[in-house]
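One predicted model, sequence on top.
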Number of protein chains: 2
Amino acid sequence: MIVPTTKDLAEAAGVSLATVDRVLNDRPNVSQKTRNKVQAAIEQIGFVRNLAAVNLLRNKPYKFRFILPKRGDLYLKELIQQVEHANKSLRSDMTFADVEQLDMGDPHLVANYIMSIDPSDLDGLAIMAPESPPVRDAISRLNERGVHIVQFLSAQENLEQLDFVGVNNYAAGATAAKIVGKFSGAKSGSIMVISETMLSSDSIERRHGFDAVINARFENLRPLPSLETYGEVSRAKRIIGNQLEHCDDIVGVYIMSSEARIPIEVMREKLNLSDVTVVVHERTPFSETALKNDQIDAIIAQNPGHAVRSALRILRARSEAREPNSAQESIRIEILLDENL
Amino acid sequence: MIVPTTKDLAEAAGVSLATVDRVLNDRPNVSQKTRNKVQAAIEQIGFVRNLAAVNLLRNKPYKFRFILPKRGDLYLKELIQQVEHANKSLRSDMTFADVEQLDMGDPHLVANYIMSIDPSDLDGLAIMAPESPPVRDAISRLNERGVHIVQFLSAQENLEQLDFVGVNNYAAGATAAKIVGKFSGAKSGSIMVISETMLSSDSIERRHGFDAVINARFENLRPLPSLETYGEVSRAKRIIGNQLEHCDDIVGVYIMSSEARIPIEVMREKLNLSDVTVVVHERTPFSETALKNDQIDAIIAQNPGHAVRSALRILRARSEAREPNSAQESIRIEILLDENL
DNA sequence: CAAAAAATGATGTACGTACCTCATTTTTCT
DNA sequence: AGAAAAATGAGGTACGTACATCATTTTTTG
């Protein structure tokens, strides 16, 4: 099989290589007639730029950075590992990725960091940060200064023009609700809803989706107010214990944040977890074990490897002024059971 | 940022470019001492081959073919579309893919086709064909003649040394069982199991996985013998109608083959599908609509786009004598509900 | 210690494209 | 018609690697 080159294209179009180059790279001083001739020849012989040659010529290292929270859970650890792995396996492709962990409790610190970035140092940024106006503004500014941005797993409002990698959290909550509802069978009772914090838009959206489905389809179930652990074991013990005392008809538990460990460990002291339906988010070594041990029933997950690779593909595409292949880049809401782990 | 080249490597190792080349490409006439020096320098400066340059130099078009069944359903159509799409978007990468559809009813025809392939025409083959000795032998032979092979979505026995793309069908059946069981709540009754044919190993494995989980965890449910439609509407009507008459305690339906349309259309005339739990395989325009209309409860799916791209990545890697990135290539058993479509 | 063998160096070519400069032809304008 | 402007052609360089060839040095062997 012969793959046509620019040379073949020039011949087919009846013009010189220089003119082909002018057309392909949108340079001035080409008549419309010639442009058409070349375009026709492109279609006719099926010419496609050889990516390897283009990349070799560009030969620019692409540097991308993930901004992730400092305080984190097992899922965060997975993400970091995936970035490191991607960094290794993409080096031969001139793609480099690293991680900067910031204290997300302080939006101004995050905004300052973003604004301090030198666009000549970095080609793109994947940001996972709680919704906040200063951060949003900093992102916009940096983007205007030529750094490509992907909103990673958590989106800022009013930044719809930027690429987003992650799941629809409303749908994720709704999916969790469907599982909790269906798995509870004909039982009636209350559903505990536990979150690390309800300040993030992720949690809010998940809660909305969850309530919508429970209310619409499972009249027998009563979702309780969200409990916020703030990631502290002692607090978790207190508030969860408190609720368990006042409520003796728990039939299901939904843990909205990516860290399922603390709530599960607290609860399994006071409750037989195999008797109630437990749904958590994100696959981690802990949640995987819990699923196998029948302490939880389902994991709603977004694959961290997919997410990282997808963000990098999008950043790479943007850096080369290509359109990302959107079909390939959507992240699925995965439902993991013991059977399909 | 500077990315080290072979030139930098030569300098760092204190040898000439020619020697670096000898080490990198495993050529003879290099002392062990020098090999070590170069290896050490590779580690030290973090040298990685520039893929673009290697590909440019190779500059070989890779030609791959998917062998798929001739008679097929909507899922097959999706697969074909995905191959066509991949073919377009990978042209700039010198990767070409096409589809050959064969009558899978005749193993010898399939085997003959495989044996008639000229290894100089084709770099790799992705085969989806029912388990059969002549086909298996033909695959082995072709592989020995230098054509890389991927077993696509359905595996041949005793060909474990070849790459496989697809899900574990036992686990897929088990997953379906878990959904049917849990979604049926406390109800007792029978489960219909419908397949196009029970001759394929896919169906057999799914059935095994299904029965294992139902028997182990759901004593209230009784799986019925498999009904085989052979893809014929009239036959489907007859056997399904027959079973519905003799069995008035149906609480769930499991459709094992990728074509859900015929059984669903037959059944919805005689049964209120929203009263029973229905689980099918593969996302197609039909099953998607049925899920939205509450005629089915869940789809067990393997993403056709992922599958096709994965097969092509593996074939490409093998053709370039690289190891495929196995972590990225595993196909998930997806559970699709109305909420996470 | 000389001859053979092994190891290493020096140098050139090629892959397909982008970008550059300069020469030449064609078109447009006055 | 003649000058200015636009269009096109011709040719070179560079990216990083693989694969040659041939010259030179070092090591091994009898």
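Received the coordinates, thanks. Because the structure is a prediction, the values reported are computed rather than measured.

Chain A: helices as residue ranges?
A:6-13, A:17-24, A:32-45, A:51-58, A:74-89, A:107-115, A:133-144, A:169-183, A:201-217, A:233-246, A:261-267, A:285-292, A:304-319, A:326-329 (DSSP state H).

what inclination does the longest one have with respect to helix A:169-183?
Spelled out, that is helix A:201-217. 40 degrees (axes from the mean of the first three to the mean of the last three C-alpha atoms, to 10 degrees).

ok so, going back, which one of the helices of chain A is the most hemmed in?
The highest average neighbour count among these, using mean count of other C-beta atoms under 10 Å in any protein chain shown, belongs to helix A:169-183 at a mean of 25. Any C-beta I mention is one placed from the backbone N, CA and C, and that applies to glycine too.

near DNA strand C, which residues of the stretch 51-200 of chain A?
A:53-54, A:56-57 (C-beta under 7 Å from any atom of the strand).

In JSON lines, list the helices of chain A along with mean pLDDT and distance to residue B:244.
As requested, these are exported to JSON lines (pLDDT from 0 to 100; distance: least, C-beta to C-beta, whole Å):
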{"stretch": "helix A:6-13", "mean pLDDT": "96", "distance to residue B:244": "64"}
{"stretch": "helix A:17-24", "mean pLDDT": "97", "distance to residue B:244": "64"}
{"stretch": "helix A:32-45", "mean pLDDT": "96", "distance to residue B:244": "56"}
{"stretch": "helix A:51-58", "mean pLDDT": "94", "distance to residue B:244": "56"}
{"stretch": "helix A:74-89", "mean pLDDT": "96", "distance to residue B:244": "47"}
{"stretch": "helix A:107-115", "mean pLDDT": "96", "distance to residue B:244": "61"}
{"stretch": "helix A:133-144", "mean pLDDT": "96", "distance to residue B:244": "58"}
{"stretch": "helix A:169-183", "mean pLDDT": "97", "distance to residue B:244": "24"}
{"stretch": "helix A:201-217", "mean pLDDT": "96", "distance to residue B:244": "27"}
{"stretch": "helix A:233-246", "mean pLDDT": "92", "distance to residue B:244": "46"}
{"stretch": "helix A:261-267", "mean pLDDT": "92", "distance to residue B:244": "44"}
{"stretch": "helix A:285-292", "mean pLDDT": "96", "distance to residue B:244": "36"}
{"stretch": "helix A:304-319", "mean pLDDT": "96", "distance to residue B:244": "42"}
{"stretch": "helix A:326-329", "mean pLDDT": "82", "distance to residue B:244": "40"}
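
which residue sits closest to the residue of the stretch 151-300 of chain A found nearest chain B, ignoring its sequence neighbours?
Here the residue of the stretch 151-300 of chain A nearest chain B is residue A:185; by C-beta to the nearest C-beta that distance is 3.6 Å. The spatially closest residue to residue A:185, leaving aside those adjacent along the chain, is residue B:185, at 3.6 Å (C-beta to C-beta, 6 or more residues apart in numbering or on different chains).

Residue B:177 versus that neighbour, what's the distance?
Going from residue B:185 to residue B:177 by C-beta to C-beta, to the nearest Å gives 15 Å.

Looking at the residue nearest to residue A:274 when sequence neighbours are not counted now. What's its pLDDT?
Nearest residue to residue A:274 in three dimensions, chain neighbours excluded: residue A:294, at 5.0 Å (C-beta to C-beta, 6+ apart). On pLDDT, residue A:294 comes in at 93.

likewise residue A:2?
89.

that older thread, would you mind putting the helices of chain A into a markdown table with distance to DNA strand D alongside?
A markdown table is the format used below for these (distance: least, C-beta to the nearest atom of the strand, whole Å):
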| stretch | distance to DNA strand D |
| --- | --- |
| helix A:6-13 | 7 |
| helix A:17-24 | 3 |
| helix A:32-45 | 3 |
| helix A:51-58 | 4 |
| helix A:74-89 | 16 |
| helix A:107-115 | 30 |
| helix A:133-144 | 28 |
| helix A:169-183 | 43 |
| helix A:201-217 | 42 |
| helix A:233-246 | 51 |
| helix A:261-267 | 44 |
| helix A:285-292 | 37 |
| helix A:304-319 | 17 |
| helix A:326-329 | 28 |
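
Could you dump the ones you listed into a markdown table and include distance to residue B:29?
Putting those into a markdown table (distance: least, C-beta to C-beta, whole Å) gives the following:
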| stretch | distance to residue B:29 |
| --- | --- |
| helix A:6-13 | 37 |
| helix A:17-24 | 41 |
| helix A:32-45 | 44 |
| helix A:51-58 | 29 |
| helix A:74-89 | 31 |
| helix A:107-115 | 53 |
| helix A:133-144 | 53 |
| helix A:169-183 | 60 |
| helix A:201-217 | 60 |
| helix A:233-246 | 64 |
| helix A:261-267 | 58 |
| helix A:285-292 | 49 |
| helix A:304-319 | 40 |
| helix A:326-329 | 45 |
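
closest one to residue B:241 among those?
Closest to residue B:241 of the helices of chain A is helix A:169-183 (C-beta to C-beta; 28.7 Å).

Verify the contact between residue A:307 and residue A:152 for me.
Yes. In this structure, residue A:307 is within contact of residue A:152 by C-beta atoms under 8 Å, at 7.1 Å.

Now list whatever residues contact both of the two.
Shared contacts of residue A:307 and residue A:152 (C-beta atoms under 8 Å, 6 or more residues apart in numbering or on different chains): A:165-166.

Looks like residue A:223 contacts residue A:211 (just checking).
Yes. The pair residue A:223 / residue A:211 is scored as a contact, 5.8 Å apart, by C-beta under 8 Å.

Contacts for stretch A:38-50, please.
Taking C-beta under 8 Å, 6+ apart as the rule, stretch A:38-50 contacts A:3-6, A:8-9, A:12-13, A:15, A:19-20, A:23-24, B:56, B:59, B:91-92, B:94.

Stretch A:129-138 now?
Under C-beta under 8 Å, 6+ apart, the answer for stretch A:129-138 is A:67, A:69, A:102, A:104, A:107-108, A:110-112, A:114-115, A:127, A:154-159, A:199-201.

7 Å instead, please
Stretch A:129-138 is contacted from outside by A:67, A:104, A:107-108, A:110-111, A:114-115, A:154, A:156-159, A:199-201, using C-beta atoms under 7 Å, 6 or more residues apart in numbering or on different chains.

what does stretch A:170-182 give?
For stretch A:170-182, contacts defined as C-beta under 7 Å, 6+ apart pick out A:191, A:205-210, A:212-214, A:217-218, A:221, A:252, A:254, A:277, A:279, A:298, A:300, A:333, A:335, B:182-183, B:337, B:339-340.

Distance of the residue nearest to residue A:185 relative to residue A:183?
Distance from residue B:185 to residue A:183, by C-beta to C-beta: 9 Å.

what do you get for residue A:196?
24 Å.

Kindly report the same for residue A:198.
24 Å.

ok, now residue A:62?
Taken as C-beta to C-beta, the span from residue A:62 to residue A:183 is 45 Å.

With residue A:228 instead?
25 Å.

Then residue A:211?
17 Å.

can you check residue A:189 too?
13 Å.

count of neighbours near the closest residue to DNA strand D within the stretch 101-250 of chain A?
Closest to DNA strand D within the stretch 101-250 of chain A is residue A:123: 16.8 Å, counting by C-beta to the nearest atom of the strand. Using other C-beta atoms under 10 Å in any protein chain shown, residue A:123 has 22 neighbouring residues.

Cheers, nothing more for now.
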